[in-house]
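Participant: With the sequence up front, the predicted model follows.
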Amino acid sequence: MFKTVLFPIDQSRETREAADVVTNIVQKYGSRLVLLSVVEEPPADAASGDPMMSPEVVAKLLQTAQSLFSEQGIQSEVLERQGKPAFTICDVADEIGADLIIMGCRGLGLTEEGATDSVTTRVINLSPCPVLIVP
């Protein structure tokens, strides 16, 4: 049913909580798991990027997530992309042929989109596949 599951991750508590649901679904359906971290491109006039989302921090985040799933016997692929998070998540879902996107209800808010137009809301509205939101 869910051959490919996309799990966009950030450093939020909600992402960590959603990981249990991802584990259950991937194990139940024998799904391919793709972990994605999206870093928003800094504005051209910005002095420097967010140190919390430096390439080293993102690489460590992806490696840690991959290790946690590996401990559960789940092989995963990792992708790191730059761009607007909601659009990038949907583009990657389309690119990899995802059957399901699983995300926490709120991330770190790496963008200026605001609560009424959150990354989660945009992904729900733009996704090429079903989206499971874990509260």
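Facilitator: That came in fine, so what should we check first? For clarity, every value in this text was computed on a predicted model and none was experimentally measured. Residues are numbered from 1 along each chain as shown.
Participant: what stretches of this structure score poorly on pLDDT?
Facilitator: In the predicted model, the chain carries pLDDT under 70 at residues 42-53, 106-116.
Participant: What segments of it are strands?
Facilitator: Per DSSP state E, the chain carries strands over the ranges 4-8, 32-39, 76-82, 100-104, 131-134.
Participant: Can you lay out the ones you listed as JSON lines showing distance to residue 90 and mean neighbour count?
Facilitator: Any C-beta I mention is one placed from the backbone N, CA and C, and that applies to glycine too. Converted to JSON lines, these look like this (distance: least, Cβ to Cβ, whole Å; neighbours: other Cβ atoms under 10 Å):
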{"stretch": "strand 4-8", "distance to residue 90": "10", "mean neighbour count": "25"}
{"stretch": "strand 32-39", "distance to residue 90": "11", "mean neighbour count": "22"}
{"stretch": "strand 76-82", "distance to residue 90": "11", "mean neighbour count": "16"}
{"stretch": "strand 100-104", "distance to residue 90": "8", "mean neighbour count": "24"}
{"stretch": "strand 131-134", "distance to residue 90": "9", "mean neighbour count": "17"}
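Participant: In a markdown table, list the ones you listed along with distance to residue 15.
Facilitator: Converted to a markdown table, the strands of the chain look like this (distance: least, Cβ to Cβ, whole Å):
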| stretch | distance to residue 15 |
| --- | --- |
| strand 4-8 | 8 |
| strand 32-39 | 10 |
| strand 76-82 | 14 |
| strand 100-104 | 5 |
| strand 131-134 | 9 |
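Participant: can you tell which of those is closest to residue 89?
Facilitator: Residue 89 sits nearest to strand 4-8 of all these, at 4.9 Å, using Cβ to Cβ.
Participant: What segments of the protein are helices?
Facilitator: In the chain, helices defined by DSSP state H lie at 13-29, 55-71, 85-96, 119-126, listed in chain order.
Participant: ranking those by burial, who's on top?
Facilitator: The highest mean neighbour count among the helices of the chain belongs to helix 85-96 (a mean of 20), with neighbours defined as mean count of other Cβ atoms under 10 Å.
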